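Undergrad: the following block contains a protein sequence and its predicted model.
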Amino acid sequence: MPDRDAKIDAPAADRVGSRARRAAGSPMPGGPAKRSDIAPFIVMDVLAEANERQSQGEDIIHLEVGQPGTPAPALVREAAKRAIDSDRIGYTEAVGIPELRVRIAQHYRETYGVTIAPERVVVTTGSSAGFVLTFLALFDEGATVALPSPGYPCYRHILRALGLQVLSIETKAEGRWMPQENEVADLASRNGISGLLLASPANPTGTMLSGEALKALANVCEEKGLWLISDEIYHGLTYEDPAETALAFSDNAIVINSFSKYFSMTGWRIGWMIVPEALVRTVERLVQNLYISAPTLSQFAAIAAFDAGDELEAYKAVYQRNRELLLDALPSAGFPDLAPADGAFYLYANVAQLTNDSAEFAAKMLSEIGVAITPGLDFDSVRGNQYVRFSYAGATEDIEKAATRIHAWLA
């Protein structure tokens, strides 16, 4: 049943390794604002702990963070060099340079057969800015947004920091860890939700909605007067069927995407939104005041990313090999219950047969064999103590080494 999302207490979150988050300096009068009292993004704490150990000479394998182990494509790097030599890299239009907005609209025609006016494209400082802008544009303080659980933790953290309410939909394995049409319709009728946020492929599960299921959810949102927000940052990273965009089923959907995952440009901090025409000026005003504009150098470089298909598909082939390797190795190592790995670069594993404390389990794996993974508490505050996430975005040799270490550790 859907449940109000429980808050992860700070002590439980900080059990992920020995690194504690400590405030420096003297306390400020009155303390921090209540809106800042959100749970940590645990994977970043795991990464910090792993990096600290690595700096001390330990041999650490990173399976925790969802970051491609590949560089930005050569065409992107070359475009950035040209921009440095030929442009002063000043502010751009708040919604992005026209060339990039046009190229993103072209991407929707070529990839999905969907026609989008370039004026509906808003270039953002990564997908993270896209979520902040979306929540501010759509919802007044106190509004309730429904999210699938398990799910990307920053959705609920950002919503709470903005004074919004979170309603978790506890998805199930038999439903491929995705919200069901009847659940959303029931929530809209009983709980007064204002919006639904979906991700397909999803983090942490890697599962994906079929086009038929996405269409059904889009129709429910239209019928019930809900805003539909579709996180599509893992599009391009699917291993059987291609992902569908929510824009194929609703002109009112807000789509958020990024150059970080498929395009291998995490640190460039560049993403985009597609918004209904009536919201363009609203979002533009927010960008003007909150961000001024997305990073200019990254905007020029991102145009070239769409022409780097051969290199990007070669990157994807590495993830596919890694995926197959872990799907073969993990069940025999002690992780027989894995979510379907439709897309992205994650495996979500049930570890109930090994532990009832995924944070402690992840901390021990890091300290004892040098393999960093993410506890499920990051993604599901109710059931995440029995799950962990493995990222297979790194080098294949690292995946092989990690599998060998885990086998030996749990033997």
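TA: Perfect, I can see it now. Numbering: from 1, shown residues only.
Undergrad: where does this structure dip in pLDDT?
TA: Scanning the chain with the threshold set as pLDDT under 70 gives 1-28.
Undergrad: how does it look with 90?
TA: Counting by pLDDT under 90, the chain has low-confidence residues at 1-31, 34-35, 37-41, 87-88, 189-192, 411.
Undergrad: max-length helix in it?
TA: Criterion DSSP state H: the longest helix present in the chain is helix 309-333.
Undergrad: and the helix or strand following that helix with helix 309-333, angle?
TA: Per DSSP states H and E, helix 309-333 leads on to strand 346-350 as the next helix or strand towards the C-terminus. What separates the directions of strand 346-350 and helix 309-333 is an angle of 20 degrees, with axes from the mean of the first three to the mean of the last three CA atoms, to 10 degrees.
Undergrad: restricting to C-alpha, output the next helix or strand after strand 346-350 in PDB.
TA: Toward the C-terminus, strand 346-350 is succeeded by helix 358-369 as the next helix or strand (DSSP H and E). Extracted in PDB, the C-alpha atoms of helix 358-369 (Å, rounded to 0.1, in the frame of the first residue of the first chain):
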ATOM      1  CA  SER A 358      22.100  -2.900   4.300                       C
ATOM      2  CA  ALA A 359      24.100   0.200   5.600                       C
ATOM      3  CA  GLU A 360      26.200  -2.000   7.900                       C
ATOM      4  CA  PHE A 361      26.600  -4.600   5.100                       C
ATOM      5  CA  ALA A 362      27.800  -2.000   2.600                       C
ATOM      6  CA  ALA A 363      30.200  -0.500   5.200                       C
ATOM      7  CA  LYS A 364      31.700  -4.000   5.900                       C
ATOM      8  CA  MET A 365      32.100  -4.800   2.200                       C
ATOM      9  CA  LEU A 366      34.000  -1.500   1.800                       C
ATOM     10  CA  SER A 367      36.200  -1.900   4.800                       C
ATOM     11  CA  GLU A 368      36.900  -5.600   4.400                       C
ATOM     12  CA  ILE A 369      37.300  -6.200   0.600                       C
END
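Undergrad: hmm, who's touching the following helix or strand past helix 358-369?
TA: For helix 358-369, the following helix or strand on the C-terminal side (DSSP H and E) is strand 371-372. Applying CB atoms under 8 Å, 6 or more residues apart in numbering, the external contacts of strand 371-372 come out as 46-47, 49-50, 60-64, 362, 365-366, 402, 405-406. To be clear about C-beta, it is placed using only N, CA and C from the backbone, and glycine gets the same treatment.
Undergrad: in strands, which of the residues you listed appear?
TA: Judged by DSSP state E, those include 61-62 as members of strands.
Undergrad: buried ones among the contacts of strand 371-372?
TA: Those of the contacts of strand 371-372 that meet the buried threshold are 46-47, 49-50, 60-64, 362, 365-366, 402, 405-406, by 16 or more other CB atoms under 10 Å.
Undergrad: which stretches of the stretch 201-350 of the chain form strands?
TA: 227-231, 254-258, 271-274, 346-350 (DSSP state E, counting those that start in this stretch).
Undergrad: a markdown table for the ones you listed, including distance to residue 69?
TA: As requested, the strands of the stretch 201-350 of the chain are exported to a markdown table (distance: least, CB to CB, whole Å):
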| stretch | distance to residue 69 |
| --- | --- |
| strand 227-231 | 22 |
| strand 254-258 | 17 |
| strand 271-274 | 20 |
| strand 346-350 | 14 |
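Undergrad: return the distance of residue 257 relative to residue 278.
TA: 20 Å (CB to CB, to the nearest Å).
Undergrad: more crowded one of the two?
TA: residue 257 (26 against 8; other CB atoms under 10 Å).
Undergrad: now for that one: which residues touch it?
TA: By CB under 8 Å, 6+ apart, the neighbours of residue 257 are 127, 130, 232-233, 235, 271-274.
Undergrad: let's see that with 6 Å instead.
TA: 232-233, 272 (CB atoms under 6 Å, 6 or more residues apart in numbering).
Undergrad: can you check residue 64 too?
TA: 43, 46-47, 372-374.
Undergrad: let me see the domain layout of the protein.
TA: Taking automatic domain parsing as the criterion, the chain consists of the domains 3-71+310-410, 74-308.
Undergrad: give me whichever of the ones you listed is most buried.
TA: Scoring the domains of the chain by mean neighbour count under mean count of other CB atoms under 10 Å gives domain 74-308 as the most buried, with a mean of 19.
Undergrad: about what we covered before: including distance to residue 179, could the contacts of residue 257 go into TSV?
TA: What follows is the contacts of residue 257, written out as TSV (distance: CB to CB, whole Å):
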residue	distance to residue 179
232	16
233	18
272	24
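Undergrad: of all those, which comes closest to residue 325?
TA: Nearest to residue 325 among these: residue 233, at 23.8 Å, using CB to CB.
Undergrad: do I have it right that that closest one meets residue 128?
TA: No. Contact criterion CB atoms under 6 Å: residue 233 and residue 128 do not qualify, at 10.2 Å.
Undergrad: just the helices in this structure please.
TA: Here the chain has its helices, by DSSP H, at 10-13, 42-55, 74-86, 98-112, 126-138, 153-161, 181-190, 211-224, 280-290, 296-305, 309-333, 358-369, 396-410.
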